[in-house]
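Engineer: Kindly return the folded structure for what I paste below:
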Amino acid sequence: MNTTKHIAMKNILLAATLFSILFFGAATATRAATEPKMRIALVRTGEGACLPVCVEWISMEGEFDSATPAQFRAIVKRIGARRPPVLISSPGGDISAAESVGRMIRKLGLDVAVSKTQLQIVSAKQEADGRGEPRSFGAMCNSACTFLLAAGKRRVAPRNVVVGVHEAVIPDHDAQQHIRYYQTRQLKRGDKIISSETRFVAERVIKQHITRRPPGAAAYKAFGRYFDEMGVSGTRIIDLMHTAAPEKITVLNDILLATSKLVTERTPIDAFLGLAPAPSAWRTEPALPAAVAATGRWKIDQLARLRDTPPPRDDPKHEETQRVEEEEPPHPRSLLVVALALGACGLAVARLSKRRTPARNPTEPPLP
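Structural biologist: Numbers count the residues shown, from 1 in each chain. Reported below is the predicted structural model:
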């Protein structure tokens, strides 16, 4: 009887566990499919009540997708006449969405900086989505994100962030085309139309799977025109894009950032937001190689050499503004795991050596 009750209880617990996994797993999958890939929030510093003068910014983190322009447009309606900067950290995404947001940023005259945002307090009020602090360490602006960075009035990339480009690619996706059929009836008397009637007949949906492929030359020309419109060298950015395959990334150093005009300054993020004293000027634009200065074009081999050139550090005009990040001490749990592993190894060696030692006959005389 007890065994039967025990088996029944185990079956009930198993059924409940499977239900929980299926229910919450399906809910998580549905939520992930409906939520946008980009998180956009209006953030203020967490230093008490700062009104009416607050340090605030628009935080953007994640990938660009088709929902990103509408998200940003909603934030623009809320800020009114204020012009907070945009702090972006993104690995890339939909280029057309990044261009759309970039044009809005340029129209508003907003500054753009590469940085993450560490949210501390999520506000239920409408004046801000939360309070937080800027954290540029580990931030990135790659691929499609550079289209948004180019739109900033000031384009800031602190020295502890990564800005990179690669070749564009059209990913696998499903496209739908809606076709509606209408029928028009006309009553004519000679060449004169007396009456006309148009009515809906049918609707058809055509689904098509588009495989992954590179964009054509016309798309790259459009990219170049966009960068030129934003005051960035479209020719140089396109040449840089062709130095890395879609699966790789070309990280832009100081020379490439300055000569392409994609970044205007390397100010630390705290100084950019006015939370710390501003450093001196970043630096003057580095001299171009003679071949580039003469032709105005970048060759692939020249780009490869410049890409691998480290940022200048010995020149006194190039002030190093990067803050040194302190190395975090190892976590106590990690030390405990290492100690247990070493102890287990020692015990195993001891047991093995004990097995290999032959037993001595007690009648034998002791060894000298």
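Engineer: Please put the alpha-carbon coordinates of stretch 241-260 into CSV.
Structural biologist: Output of stretch 241-260 as CSV, limited to C-alpha atoms (Å, rounded to 0.1, in the frame of the first residue of the first chain):
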residue,chain,number,x,y,z
MET,A,241,33.6,47.3,-44.6
HIS,A,242,35.2,45.2,-47.4
THR,A,243,38.2,44.3,-45.2
ALA,A,244,36.2,41.8,-43.1
ALA,A,245,33.7,39.0,-44.0
PRO,A,246,30.3,39.1,-42.4
GLU,A,247,31.3,36.6,-39.8
LYS,A,248,34.3,38.7,-38.8
ILE,A,249,34.9,42.3,-37.7
THR,A,250,37.5,45.0,-38.4
VAL,A,251,38.1,46.9,-35.2
LEU,A,252,38.8,50.5,-36.0
ASN,A,253,41.8,52.1,-34.2
ASP,A,254,42.5,55.8,-33.6
ILE,A,255,43.8,56.5,-37.1
LEU,A,256,40.9,54.8,-38.9
LEU,A,257,38.3,56.4,-36.6
ALA,A,258,39.7,59.9,-37.1
THR,A,259,40.5,59.8,-40.8
SER,A,260,37.1,58.3,-41.6
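Engineer: Give me the phi and psi for Glu99.
Structural biologist: When read as degrees, to the nearest 10, the backbone of Glu99 gives phi -60, psi -40.
Engineer: Check which helix or strand the closest residue to it other than its chain neighbours maps to.
Structural biologist: Setting aside the residues directly before and after it, Glu99 is nearest to Phe147 in space (C-beta to C-beta, 6 or more residues apart in numbering), at 5.3 Å. Quick note: C-beta positions are derived from backbone N, CA and C, even for glycine. Here Phe147, judged by DSSP states H and E, is contained in helix 145-149.
Engineer: tell me what that helix is packed against?
Structural biologist: strand 86-89, helix 95-108, strand 112-114, strand 162-165, helix 217-229 (3 or more C-beta pairs under 8 Å, 6 or more residues apart in numbering; DSSP states H and E).
Engineer: now what about the longest one, what contacts it?
Structural biologist: The set of residues that contact helix 95-108 without belonging to it, under C-beta atoms under 8 Å, 6 or more residues apart in numbering, is 64-66, 68-69, 72-73, 76, 83, 86, 112, 144-145, 147-148, 150-153, 168, 223, 226, 230.
Engineer: Of the residues you listed, keep whichever come out buried.
Structural biologist: With burial judged by 16 or more other C-beta atoms under 10 Å, the buried subset of these is 64, 68-69, 72, 86, 112, 144-145, 147-148, 150-152, 168, 223, 226, 230.
Engineer: Where does pLDDT dip in the stretch 1-150 of the chain?
Structural biologist: Residues of the stretch 1-150 of the chain that meet the criterion pLDDT under 70 lie in 1-36, 46-53, 121-128.
Engineer: all helices of it, in order?
Structural biologist: 2-34, 68-79, 95-108, 145-149 (DSSP state H, counting those that start in this stretch).
Engineer: could you dump stretch 197-214 to PDB, C-alpha only?
Structural biologist: Extracted as PDB, the C-alpha positions of stretch 197-214 are listed here (Å, rounded to 0.1, in the frame of the first residue of the first chain):
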ATOM      1  CA  GLU A 197     -18.100  51.100 -60.000                       C
ATOM      2  CA  THR A 198     -15.100  49.400 -58.300                       C
ATOM      3  CA  ARG A 199     -15.500  46.500 -56.000                       C
ATOM      4  CA  PHE A 200     -13.100  44.100 -54.100                       C
ATOM      5  CA  VAL A 201     -12.900  40.600 -55.600                       C
ATOM      6  CA  ALA A 202     -10.300  38.600 -53.800                       C
ATOM      7  CA  GLU A 203      -7.000  38.700 -51.800                       C
ATOM      8  CA  ARG A 204      -3.900  36.600 -52.100                       C
ATOM      9  CA  VAL A 205      -0.900  36.200 -49.900                       C
ATOM     10  CA  ILE A 206       2.400  35.100 -51.500                       C
ATOM     11  CA  LYS A 207       5.100  33.800 -49.200                       C
ATOM     12  CA  GLN A 208       8.700  33.700 -50.300                       C
ATOM     13  CA  HIS A 209      11.800  32.600 -48.400                       C
ATOM     14  CA  ILE A 210      14.800  34.700 -49.200                       C
ATOM     15  CA  THR A 211      18.200  33.100 -48.600                       C
ATOM     16  CA  ARG A 212      21.200  34.700 -47.100                       C
ATOM     17  CA  ARG A 213      23.100  36.800 -49.700                       C
ATOM     18  CA  PRO A 214      25.400  39.800 -50.000                       C
END
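Engineer: average pLDDT across it?
Structural biologist: The average pLDDT for stretch 197-214 rounds to 78.
Engineer: about what we covered before: same for the next helix or strand after the helix holding Phe147, what does it pack against?
Structural biologist: For helix 145-149, the succeeding helix or strand toward the C-terminus, using DSSP H and E, is strand 155-156. Here strand 155-156 touches strand 112-114, going by 3+ C-beta pairs under 8 Å, 6+ apart.
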